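*Asks:* could you work out the structure for the sequence below:
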Amino acid sequence: MGNKRVFLIVLDSFGIGEMADAPQYGDENVNTLRSVAASSCFHVPNLERLGLFCIDTVAQDPVVRRRASMPAAEAIGRYGRLAERSCGKDTTIGHWEIAGLVSPQPLPTYPQGFPPQVLAEFESRTGRGVLCNLPYSGTRVIQEYGDAHMRTGDLIVYTSADSVFQIAAHEEIVPVEKLYEYCRAAREILRGEHGVGRVIARPFVGPAGGQFVRTPRRHDFSLEPPGVTMLDQLSKAGKSVIAVGKIQDIFAGRGITEHVYTGGNEEGIRRTLEYMEQDFEGLCFVNLVDYDMLYGHRRDVDGYAGALTAFDQYLPEIMGKMGPEDLLMITADHGCDPAYTKSTDHTREYVPLLMYGKNVRPGNLGTRETFADIGATVLHYFGIRQEIAGEPLTL
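*Replies:* Below you'll find the model as predicted:
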């Protein structure tokens with residue numbers, strides 16, 4: 001294969017230390033990497049070989065230093081630290097910035113619940129009432145409101161610290177396709193002033209009066225990016241843009257030529273390896289969600305560390321499948337420090353960037369001003385004149 005391919009893998013929420021403005025976001029002394037590095041389940045020799053432990057400030061961290069097993073001079077990747085220029089610390093804004101779209105205003109959040117006019121229009125469109133309308137844990141909200149929902153047919157509407165409008169419904173009361181229809185109605189309502197990043201369908205099952213369990217049929221209905229992204233430019237130039245995991249939803253499908261949803265990290269990695277066997281020219285953009293969804297928000301340090309260890313064990317296979325013109329980029333979209341007990345929200349952190357390929361010179365990129373440098377680098381790699389934010393990185 002002689003085509004150029006970029007495999008961009010987002011380890012969802014893998015931050016590497018708080019940004020200077022973190023206290024403005026309610027975060028103090030947060031560091032996802034430091035927290036997981038303290039776990040006995042953390043073993044990432046291949047990420048270390050790519051330069052993870054050599055990144056600015058990471059190299060000086062005493063907890064991480066105890067994990068180091070090789071000198072920085074032996075790193076085989078190009079490594080650096082990226083700041084988030086956008087206002088926010090959520091999945092949507094983080095991915096948009098990776099793709100070159102900086103958000104000067106945060107997406108709206110609703111710590112007191114959604115305003116009456118929004119709910120009134122939603123109830124009118126669906127013909128159903130609303131329960132809850134507060135920030136809530138997704139597993140708790142179905143236990144506390146599930147029986148009332150089954151009794152009345154009213155929809156459980158809740159949010160979080162993120163810019164999300166979540167609708168939970170029992171699959172026997174509201175069939176999944178009908179729940180998706182309600183989400184599409186909410187997406188039409190939630191624009192402009194109330195343009196939340198995502199409307200999320202949260203179906204669940206279980207007996208009345210018993211234990212309710214969320215099903216894998218979650219679906220996100222995202223706000224369309226308000227400007228040009230790397231994905232738009234790549235697809236317009238005739239390149240493949242393959243989305244693995246929730247990338248399709250984050251970008252509302254725009255600029256994507258092929259996509260596959262996944263049930264978690266294991267399937268996401270397996271799908272990526274399958275795409276590495278295919279002959280295409282363009283980008284394979286991958287989100288591995290378990291770090292955030294299963295471990296970060298649930299403040300499970302060992303689970304998070306174990307998931308990183310599992311990814312690290314796949315790295316030799318991923319790197320071994322790379323062709324001579326392939327570029328591997330590993331990064332994150334925000335932090336979600338599993339040891340931070342002040343909240344269960346995302347944390348405002350720098351993210352790592354690790355790059356590897358036969359044409360990539362090892363070395364330190366230092367600290368960069370924006371995630372958008374990733375998108376600029378991808379476009380430069382394909383010789384496409386960028387219309388997005390960011391500066392291309394030297395390879």
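*Asks:* can you tell me the SS state at residue 92?
*Replies:* helix (DSSP: H, G, I helix; E, B strand; the rest coil).
*Asks:* now it. Nearest residue, chain neighbours left out?
*Replies:* Closest residue to residue 92 apart from its sequence neighbours, by CB to CB, 6 or more residues apart in numbering: residue 197 at 3.7 Å. (Each C-beta comes from the backbone N, C-alpha and C, glycine too.)
*Asks:* which residue ranges of the stretch 151-300 of the chain form helices?
*Replies:* Here the stretch 151-300 of the chain has its helices, by DSSP state H, counting those that start in this stretch, at 176-189, 230-236, 247-250, 265-276, 290.
*Asks:* which of those comes out lowest on mean pLDDT?
*Replies:* Mean pLDDT values for the helices of the stretch 151-300 of the chain show the minimum at helix 247-250, a mean of 94.
*Asks:* can I get the helices of the stretch 151-300 of the chain in TSV with distance to residue 67?
*Replies:* TSV is the format used below for the helices of the stretch 151-300 of the chain (distance: least, CB to CB, whole Å):
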stretch	distance to residue 67
helix 176-189	43
helix 230-236	33
helix 247-250	30
helix 265-276	21
helix 290	21
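*Asks:* tell me which of these lies nearest to residue 380.
*Replies:* Checking these against residue 380 by CB to CB gives helix 230-236 as the closest, at 10.6 Å.
*Asks:* that closest one packs against which elements?
*Replies:* Packing partners of helix 230-236 (3 or more CB pairs under 8 Å, 6 or more residues apart in numbering; DSSP states H and E): strand 240-244, strand 282-288, helix 373-381.
*Asks:* pLDDT below threshold where in the protein?
*Replies:* In the predicted model of the chain, residues 1-2 satisfy pLDDT under 70.
*Asks:* for residue 175, see how far away the residue of it positioned farthest from its centre is.
*Replies:* Ranked by distance from the centre of the chain (CA atoms, centre = their mean), the top residue is residue 151, with 35.4 Å. According to CB to CB, to the nearest Å, residue 151 stands 18 Å off from residue 175.
*Asks:* hang on, the earlier thing: so which of the helices of the stretch 151-300 of the chain gets nearest residue 23?
*Replies:* helix 247-250 (27.2 Å).
*Asks:* just the C-alphas of that closest one, formatted as CSV.
*Replies:* Only the C-alpha atoms of helix 247-250 are listed here, as CSV (Å, rounded to 0.1, in the frame of the first residue of the first chain):
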residue,chain,number,x,y,z
ILE,A,247,-17.0,10.4,16.1
GLN,A,248,-20.0,10.2,13.8
ASP,A,249,-22.3,11.6,16.4
ILE,A,250,-19.9,14.3,17.7
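*Asks:* count the residues that sit near the closest residue to the residue farthest from the centre of the chain other than its chain neighbours.
*Replies:* Counting by CB to CB, 6+ apart, residue 208 is the residue found nearest to residue 151 once chain neighbours are left out, at 7.8 Å. Residue 208: 12 surrounding residues under other CB atoms under 10 Å.
*Asks:* wait, isn't residue 208 in contact with residue 147?
*Replies:* Yes: counting by CB atoms under 8 Å, residue 147 is a contact partner of residue 208 at 5.8 Å.
*Asks:* about what we covered before: format the helices and strands packed on helix 230-236 as JSON lines; extra columns: distance to residue 25 and mean neighbour count.
*Replies:* Converted to JSON lines, these look like this (distance: least, CB to CB, whole Å; neighbours: other CB atoms under 10 Å):
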{"stretch": "strand 240-244", "distance to residue 25": "28", "mean neighbour count": "24"}
{"stretch": "strand 282-288", "distance to residue 25": "22", "mean neighbour count": "26"}
{"stretch": "helix 373-381", "distance to residue 25": "22", "mean neighbour count": "23"}
